[in-house]
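1. 3D model of this:
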Amino acid sequence: MNDKITKILKITAYAGIIAASVFSIVKGLKEKHKHDKKEKMLLIAKQLNTDIRNTERKTSPRYHEKNQEKYDELWGDESACN
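-> Predicted coordinates for the structure are as follows:
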């Protein structure tokens with residue numbers, strides 16, 4: 001009778017250890033997934049910020065002046081054609 005109780009307690013202890021390990025692994029995977037999502041969101045935010053800065057730069061008067069100078073160098077002034 002004592003051996004049966006000991007076996008039952010050992011099986012229960014092993015099952016508890018295995019269950020705790022499984023729960024720990026699942027929790028770790030959830031945390032990793034959450035961290036990965038956060039990293040992706042930060043990457044997207046950085047890319048959006050860069051896109052906004054580039055758009056602002058490309059719409060600035062200075063940018064247009066530079067492009068007009070390049071165009072004039074390549075094709076000449078329109079007044080030269082008349």
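2. residue nearest the centroid of the protein?
-> Geometric centre of the chain, nearest residue: Lys40, 1.3 Å, by C-alpha atoms, centre = their mean.
3. pull up the gap between that residue and Ala15, please.
-> Between Lys40 and Ala15 the computed distance is 37 Å (C-beta to C-beta, to the nearest Å). Just so you know, the C-beta spots here come from the backbone N, C-alpha and C atoms, and that holds for glycine as well.
4. with Ser24 instead?
-> 15 Å.
5. cool, and Lys7?
-> For Lys7 relative to Ala15 (C-beta to C-beta), the value is 12 Å.
6. same check on Asn54?
-> From Asn54 over to Ala15 (counting by C-beta to C-beta), the distance is 58 Å.
7. list the contacts of the worst-scoring helix or strand of the chain on mean pLDDT.
-> Lowest mean confidence among the helices and strands of the chain (mean pLDDT, DSSP states H and E): helix 61-75, at a mean of 78. With C-beta atoms under 8 Å, 6 or more residues apart in numbering as the test, helix 61-75 has contacts from Arg57.
8. quick revisit: and the residue nearest to the centre of the chain, what element?
-> Per DSSP states H and E: Lys40 is located in helix 2-58.
9. what's the average pLDDT for that helix?
-> Helix 2-58 shows a mean pLDDT of 90 in the predicted model.
10. I'd like to know which elements that helix is packed against.
-> Here helix 2-58 touches no other helix or strand, going by 3 or more C-beta pairs under 8 Å, 6 or more residues apart in numbering; DSSP states H and E.
11. just the angle for it relative to helix 61-75, thanks.
-> 60 degrees (axes from the mean of the first three to the mean of the last three C-alpha atoms, to 10 degrees).
12. wait, what's in contact with Ile44?
-> Ile44 neighbours (C-beta under 8 Å, 6+ apart): none.
13. how close does it get to Arg57?
-> Computed as C-beta to C-beta, the Ile44 to Arg57 distance reads 20 Å.
14. from Lys58, how far off is Lys4?
-> Distance from Lys4 to Lys58, by C-beta to C-beta: 80 Å.
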